[in-house]
Structure formats: structure tokens, C-alpha cells
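K.L.:
predicted structure and sequence below. I'll ask about it afterward.
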Amino acid sequence: MALVLAPEVPLTNWLTALDAQMERSPNFFDARPVVVDLGSIPREQQGVAEFLQLLEQRGIRIIGTEGAHPSWAGIEAWGRSLPVSGKAGREIEAPTKSTPVVESAALAGEPNMLVIDQPVRSGQSVVFERGDVTILGSVSSGAEIMAGGSVHVYGTLRGRAIAGLSGHPGARIFCSKLQAELLAIDGVYQTADDMPAKFLGKPVQAWLDGEQMKIAVLD
């Protein structure tokens, strides 16, 4: 299952934030293919190929790019652009036999929330670094939701939910039925084996109390 990174200018500041996230979760990108969405990078930006090289030096395995401008020197060395559907929650198909990736694009006037009005299937990944993600359905086992803010799942959460991706310890995770493989907030995580059985199958919220994750049943 591939991940999508969507860098923003200034690139040096974005890299600093990425380094901080990788310090909190040093194994997050291990052995995971990555698609880099360059659609928000201005056409006149210099050094984009060198920026991609810096990502690889951090152990990030880039399988392709999306939204790259052909005038950028050296960009052709980073793989062909991947096709997208043009919808707000767009599906990117990697040039391998891997399952699709769903990567979020902020809607005009709604930069702090992404709403997915359908279930998230096994093998899909929803990534939205600019704010909260709301799923109006269930999240299947093997699927992944990653948000810069909080994660809201109005259904069964069977996959992985990662909140506070951009370094927000105040983010929370809400779901109508907990069956998750993993919950993570700002680099602090619990796997299914760590979660008390009394919370399984219940509507819950998860949050951070210092460096400890707390889970409580919603009334």
C-alpha cells in the first residue's frame, strides 16, 4: 500500500516538519512505497529534483510523482506521473500491482476538513495533512486514515487511524465501533493487542494525556 506525500512551499520548512514527524515515528516509512504529489508546488520553483533526492536520502522510497511540471530540471528521473481522477478525494493508481491509494485534496473554502462519503476499502489510504478527516462509513481492515488533525469514523474502524500527523498532540480519534488494527496520535500509538477488550466493538474516542494514549467509551 503506497502513501502520498504532498509537499508545500517553502520546501525547507516542509522538510523540517517532516523530519520532526519522522523523529516521532522513525519507522513510519520503512519499506513503504511513496507517491509525491507536486501539484501545489509553483511552476517557477527551483530545485524540485534535488528536493526529491533529499526525500530519498531520508529513506523514503519514491515510486512516482503526480503534478510535476516538465520544465523542472531532472524531474524525469523520478518516474512517470500517475493518473488521477480529478475528484476531491482522488484515486491514484501506482505503476505496480499495488492497491489504489486515495489521497486528499483540499476543497476551495474547506481547507481544514476532508469528508469521504463512502467506506474506505482494504488497501486504500486516505491522507489529509491540512486538518480533520471524516469518514461517513466504515474503514476496512488493511485500510489507513491519516490526518493532520482529528479522525472521525461514522462506522466501524477496522483499519489504521493516524491523527495529528503534522505534529498536533491535541488531535483525537472518534469512531462508532472500535475494531482497529492501530490507533496513533502525534507518534504515540496502540495496536490491537494493546487495546483493552472492554473497548472493542464500542463507540470510543482516543486522545493523548501527555505521552500516554487514553481511550474512553462515548456516551
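P.N.:
Yes, it's here.

K.L.:
which element is Met213 on?
P.N.:
Per DSSP states H and E: Met213 is located in strand 212-217.

K.L.:
how far is that strand from where the chain is centred?
P.N.:
Computed by CA atoms, centre = their mean, to the nearest Å, the chain-centroid distance of strand 212-217 equals 22 Å.

K.L.:
that one: partners in the sheet, and parallel or antiparallel?
P.N.:
When pairing is defined by DSSP bridges, strand 212-217 lines up against strand 204-209 (antiparallel).

K.L.:
just the mean pLDDT for the partner strand, thanks.
P.N.:
For strand 204-209, mean pLDDT is 94.

K.L.:
for it, which outside residues touch it?
P.N.:
Contact with strand 204-209 is made by 164, 169-175, 178, 183, 185-186, 188, 190, 213-218, as judged by CB atoms under 8 Å, 6 or more residues apart in numbering. Any C-beta I mention is one placed from the backbone N, CA and C, and that applies to glycine too.

K.L.:
kindly give a single ChimeraX line that selects the buried subset of the residues you listed.
P.N.:
This is how ChimeraX selects the buried members of these, with burial counted by 16 or more other CB atoms under 10 Å:
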select :164,169,171,172,173,174,175,178,183,185,186,188,190,213,215
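
K.L.:
helix/strand/coil for the spatially closest residue to Gly201 that is not a sequence neighbour?
P.N.:
Distances taken as CB to CB, 6 or more residues apart in numbering put Lys177 closest to Gly201, at 5.8 Å, once the chain neighbours are dropped. Here Lys177 is recorded as strand under DSSP: H, G, I helix; E, B strand; the rest coil.

K.L.:
what sits against Lys177?
P.N.:
By CB under 8 Å, 6+ apart, Lys177 lies in contact with 138, 155-157, 201-203.

K.L.:
sorry, back to before: what does the strand holding Met213 rub up against?
P.N.:
Residues from elsewhere that reach strand 212-217, judged by CB under 8 Å, 6+ apart: 178, 183, 185, 188-190, 195-196, 199, 202-208.

K.L.:
pLDDT of that strand, averaged?
P.N.:
pLDDT averaged over strand 212-217 gives 93.
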